[in-house]
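> sharing a model that was predicted from the sequence below.
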Amino acid sequence: MAIAHILGFPRIGAQRELKFAMESFWKGEIDQAELCATGAELRARHWAAQAAAGLDFVTVGDFAWYDQILGTLALLGATPSRFGAAEKTLDLHAYYAMARGDKTHFAMEMTKWFDTNYHFLVPEWTPDLPFDGGVDWLFDELAEARALGHRAKVALVGPLTLLYQGKIKSGLTHKLELLPKVLAAYRRTLARLHEAGVEWVQIDEPILALELDTRWRAAFAPTYAAFAAASAAPKLLLTTYFDEVSAHAGLLRSLPVAGVHLDLVRGAGQLPAFVADWPQDKVLSLGVIDGRNIWRADLDQALALLQPLQEKLGDRLWISASCSLLHVPVDLDNENKLDDELKSWLAFAVQKLDEIAALKRAASGGLQDAGVAERFAAARRARQSRGSAPRIHNALVQKRLREVSGRHAERSAGFAERIAAQQARFALPAFPTTTIGSFPQTAHIRHTRAAYKRGELAHLDYLEKMRDEIRMMVDRQERLGLDVLVHGEPERNDMVEYFGEQLWGYAFTANGWVQSYGSRCVKPPIIYGDVFRPEAMTVGWSAFAQSLTEKPMKGMLTGPVTMLQWSFVRDDQPRATTALQIALALRDEVCDLEKAGIGMIQIDEPAFREGLPLKARDWPAYLNWAVRVFKISAAGVADATQIHTHMCYSEFNDILPWIAAMDADVITIETSRSDMELLDGFGEFSYPNDIGPGVYDIHSPRIPDVEQMVRLMEKARGVIPDRQLWVNPDCGLKTRGWPETEQALANMVNAARRLRDSVKPAAVKSGSKAKV
């Protein structure tokens, strides 16, 4: 009989229990023991769900107090040496100082986990890292699972993926120079797991889905041979996911591991490369349930693929999700906002456990079981319902798609002509200051929005309360001396959800939370049908804010690629088509903002890099349509209207030609965690348009002083001409409090003034009178 398992389960909790516990710990409201109790309760609940569904293992090691990469470093004894932490006695205060920064240390750099919206903390590789063992948290969690009577499979980030995802900080010429230390640390860990009676360890190597160079590919055989040479070690299931790995089929057959996992959702066509001569002594784990989207599976199709393999492999066939379920919400049963028809089309993490278990039983001849038969019948009904639902298609949208041509993606003039018109209009000083969009979302703001949603606050009363917030935010910006203002977004819950709630074709959950990083959770919208904007979404708020000031007020929108990437996207048409529908809706909003007198419009694309396929050969197809939809969203305005965009927490150097092709007049990027390293590529590329490198990390409670910000901007001046530079934070400020926000922004404004004073004569982007 086949084996059912998963690679990981969402750790944050169905009601975001871990988020709230972490934040209470950071505020000093609870102690470490109370935080640990919350973690233990969540782990027990998640293991119970896996066992109740009928999985053969529960997965241990998928839990993390902030991020699984930092957790792995703490386990191995390889946290960044600059923190000076005592690895074996590391407590959660020291752990969170690495993740978030403190008064004396800036936080570890954060970037996207492959092509997902999950952010991991980037390892800092130096030759002095000991790799001699650290915390015992993994072993404590294993003991918890055993005490609860569960059969446990332990999950670890693989050694080569761990090395690959880090950055060299000093003293090394290649990351693989650390491999001997890393292997020794992993061998010690595996030996301890074996001593603890662990039969199987899942070891994740998703870098195999990348186009690795020869040196990295060659490292796999000796690495796994070293593990196999150990006198005592658990069986290893080497897991790959996020794309196909057929180029490594020969390598994966030959590696001395007990099994291999394949993602058959993102790599649907790769199975023939493996199955024909699969070794008789190896497990083949197949991810046939989508771990990154929420649509109910076609169980009949999955079973048709699995049944012949069940006959061939028997209990060497393992059935699973494509990747960890970290990327989907916890439980559909918690939803009360979705209508019954739409809800019947979906499966969250708990429901995916049931799908995996049903496939296991059906593959082993269990379709005669009434419970299994009904699950298959329900999946068929859902598929038929979704395929015929009138709400899926909109004739107006389809007509407009047919009318799109190349001219819709082009501004009327090039950047040089546009920037001259914009300088004449706005008369900004050198090194103009601005923010990325949002200001602190206070408890009062959240309570006001919640009361309005519950019907406890009349519409006009709600509008006036939000206008009061905007008045306050504009006044604070004026007093701080910022050059370009924002309205602060008090009316917005989330940068994607807010827009999706006003677009046709989107649906929203009540509790569909997914971890983005640390305690930050998002509730991705569901794109189920054609996307259409029935009316203006932001114009009233932005126009009101502009009426309060003589300074330029940016209109704030989320771009089409990010609206796509940060949603659960329909899978019945190409993603490029859905993105184009969103772009046309945003284009209408951009044009309406311009008509309302808004002269600067920011179209945020923090997920632009995230959507990049893992293999370079697939990049052009994605980048061509991603650039096109952004340009279509922005290109309907006059030359004197300035288009901004914002990107963050990604590596940009390898896609700079396409970022330049987006042709935004101003781009702001996150750079402070990397100490401006990310900006080097823009300089080497001679990025042609204006750019605002972030001068402080808004995710850290640490407030840098003026000197530190000036130092970062001087580094920026070393690679970008003064005339192109803006000064801004790394990201939006919604998660911060007002005292730290005002102090940081005051320092930022003073840093910009210091820079202006250093330029003789004082540079001004235009000497003409500003006209908003």
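Structure received.
> mind pulling up the pLDDT for residue 111?
Residue 111 carries a pLDDT value of 89.
> show me what whatever helix or strand it lives in is packed against.
Assigned by DSSP states H and E, residue 111 belongs to strand 110-112. For strand 110-112, the packing partners by 3 or more Cβ pairs under 8 Å, 6 or more residues apart in numbering; DSSP states H and E come out as strand 119-121. (Each C-beta comes from the backbone N, C-alpha and C, glycine too.)
> quick one: stretch 268-275 to chain centroid distance?
Once both centres are worked out by Cα atoms, centre = their mean, to the nearest Å, stretch 268-275 turns out to sit 29 Å from its chain's centre.
> same question for stretch 100-115.
On Cα atoms, centre = their mean, the centre of stretch 100-115 falls 14 Å from that of its chain.
> contacts for the strand holding residue 111 next, please.
118-122, 517, 609-610, 649-651, 673, 699 (Cβ atoms under 8 Å, 6 or more residues apart in numbering).
> what's around residue 220, how many residues?
22 (other Cβ atoms under 10 Å).
> just checking, it touches residue 250?
No: at 11.3 Å, residue 220 does not count as touching residue 250 under the criterion of Cβ atoms under 8 Å.
> ok, residue 194 - how many residues close by?
Residue 194: 17 neighbours (other Cβ under 10 Å).
> how far away is it from residue 645?
As judged by Cβ to Cβ, to the nearest Å, residue 194 and residue 645 stand 51 Å apart.
> re earlier: mind listing the strands the strand holding residue 111 pairs with, and their directions?
According to DSSP bridges, strand 110-112 forms sheet pairs with strand 119-121 (antiparallel).
> who's in contact with the strand it pairs with?
For strand 119-121, using Cβ under 8 Å, 6+ apart, the contacting residues are 66-70, 98-99, 108-113, 165, 516-517, 649.
> CA-only coordinates of stretch 228-248 in CSV, if you can.
In CSV, the C-alpha atoms belonging to stretch 228-248 read as follows (Å, rounded to 0.1, in the frame of the first residue of the first chain):
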residue,chain,number,x,y,z
ALA,A,228,25.5,7.3,3.4
ALA,A,229,29.0,6.5,4.8
ALA,A,230,27.8,7.2,8.4
SER,A,231,27.6,4.0,10.5
ALA,A,232,24.2,5.0,11.8
ALA,A,233,21.8,7.4,10.2
PRO,A,234,18.1,7.6,9.3
LYS,A,235,16.8,6.9,5.8
LEU,A,236,16.8,10.1,3.7
LEU,A,237,14.0,11.3,1.5
LEU,A,238,15.6,13.9,-0.8
THR,A,239,12.8,16.4,-1.7
THR,A,240,12.7,18.7,-4.8
TYR,A,241,9.9,21.1,-5.5
PHE,A,242,8.8,24.3,-7.3
ASP,A,243,9.7,23.1,-10.7
GLU,A,244,10.8,20.0,-12.7
VAL,A,245,14.2,18.4,-12.1
SER,A,246,14.3,15.9,-15.0
ALA,A,247,17.8,17.2,-16.0
HIS,A,248,19.0,15.6,-12.7
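> returning to that earlier point: pull out the buried residues from the contacts of strand 110-112.
118, 119, 120, 121, 122, 517, 609, 610, 649, 650, 673, 699 (16 or more other Cβ atoms under 10 Å).
> please name the bridge partners of the second one.
Read it as residue 119. Legend: beta-bridge partners of residue 119 under DSSP bridges are residue 112.
> so what's the residue count around the residue nearest to residue 265 when sequence neighbours are not counted?
Leaving aside its sequence neighbours, residue 265 sits nearest to residue 322 (Cβ to Cβ, 6 or more residues apart in numbering; 3.9 Å). Neighbour count for residue 322, taken as other Cβ under 10 Å: 25.
> double-check residue 322 against residue 285; I have them as touching.
No: at 10.6 Å, residue 322 does not count as touching residue 285 under the criterion of Cβ under 8 Å.
> low-scoring stretches of the stretch 451-600 of the chain, by residue?
For the stretch 451-600 of the chain, applying pLDDT under 70 flags no range at all.
> ok, which stretches of it are helices?
Per DSSP state H, counting those that start in this stretch, the stretch 451-600 of the chain has helices spanning 459-480, 497-500, 539-546, 560-565, 575-595. These are given in chain order.
> looking at those helices, which is closest to residue 278?
When these are compared by Cβ to Cβ, helix 575-595 sits nearest residue 278, at 32.1 Å.
> give the next helix or strand downstream of the closest one.
Remark: after helix 575-595, the chain's next helix or strand is strand 600-604, criterion DSSP H and E.
> sec struct for residue 688, please.
Recorded secondary structure, residue 688: coil (DSSP: H, G, I helix; E, B strand; the rest coil).
> just the pLDDT at it, thanks.
For residue 688, the predicted pLDDT is 93.
> look up how far residue 708 lies from it.
From residue 688 to residue 708 the distance is 29 Å (Cβ to Cβ).
> now residue 288, what are its backbone angles?
Main-chain dihedrals, residue 288, degrees, to the nearest 10: phi -100, psi -10.
> pretty sure it sits against residue 302.
Yes: the pair residue 288 / residue 302 is scored as a contact, 4.5 Å apart, by Cβ under 8 Å.
> hey, what's in contact with both of those two?
By Cβ under 8 Å, 6+ apart, the residues touching both residue 288 and residue 302 are residue 359.
> compare these two (neighbour count), which wins?
Between residue 288 and residue 302, counting by other Cβ under 10 Å, residue 288 is the more crowded of the two (25 against 22).
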